[in-house]
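> give me a 3D structure for the following:
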Amino acid sequence: MRTALRTAVTSVVTAAAVLTCGSAGATPAGPGVTARILAQTTVGGTDYTLREITVPPGQSTGWHYHDGPLYGVVKQGTLSHFDAGCASDGVYRTGASIQEPPGADHVHIGRNLGDTPLVLDVLYVLPHGSPFSEDAANPGCPFQ
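As a prediction, this is how the structure comes out:
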């Protein structure tokens with residue numbers, strides 16, 4: 001298991017040039033949004049989980065935040081990322097890396113505004129037993 005996680009993390013770090021990320025599953029995720037665990041381990045009090053998240057065209061992750069930092073790479077498609085001020089804080093295309101800091105003061109949503117599925121590889125670095133994301137209410141943005 002550790003070898004699988006080490007290999008997965010090495011792939012993410014190499015592809016991301018050591019940048020950080022995150023997200024999926026919030027209030028609510030759009031129809032057809034899926035995630036599968038690629039590798040998972042716990043060291044000390046920290047859970048390390050690598051997930052592949054797929055967001056169909058026109059769908060989103062839902063509004064959420066994380067209890068720990070996330071590091072991700074866009075494998076396919078384009079991620080449009082928005083903060084709680086309803087402003088775009090990044091557009092990430094295939095091969096790009098993204099980081100999401102932890103905490104309720106970092107509410108965000110990931111949207112697929114393109115016409116192809118968005119696929120992300122995301123490394124979650126969370127306190128042991130924490131959920132992948134914490135639901136958050138739409139902060140008043142005209143989109144979900």
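
> what about the closest residue to residue 133 other than its chain neighbours, distance to residue 98?
Closest residue to residue 133 in three dimensions, ignoring its sequence neighbours and counting by C-beta to C-beta, 6 or more residues apart in numbering: residue 64, at 4.0 Å. (Each C-beta comes from the backbone N, C-alpha and C, glycine too.) Distance, residue 64 to residue 98, using C-beta to C-beta, to the nearest Å: 14 Å.

> surely the residue nearest to residue 133 meets residue 131?
No - using C-beta atoms under 8 Å, residue 64 is not in contact with residue 131, being 9.5 Å away.

> between these two, who's got more neighbours?
Counted by other C-beta atoms under 10 Å, residue 64 and residue 131 do not tie: residue 64 has more neighbours, with 25 against 12.

> quick one: distance of the stretch of helix or strand the more buried one belongs to to the chain centre.
Assessed by DSSP states H and E, residue 64 sits inside strand 64-65. In terms of C-alpha atoms, centre = their mean, to the nearest Å, the centre of strand 64-65 is found 10 Å from the chain centre.

> tell me which helix or strand comes right after that strand.
For strand 64-65, the following helix or strand on the C-terminal side (DSSP H and E) is strand 70-76.

> helix or strand right after that following strand?
Assigned by DSSP H and E, the successor of strand 70-76 is strand 78-83.

> residue 113 and residue 76, how far apart?
On the measure of C-beta to C-beta, residue 113 and residue 76 end up 14 Å apart.

> and for residue 34?
Taking C-beta to C-beta, one finds residue 34 at 13 Å from residue 76.
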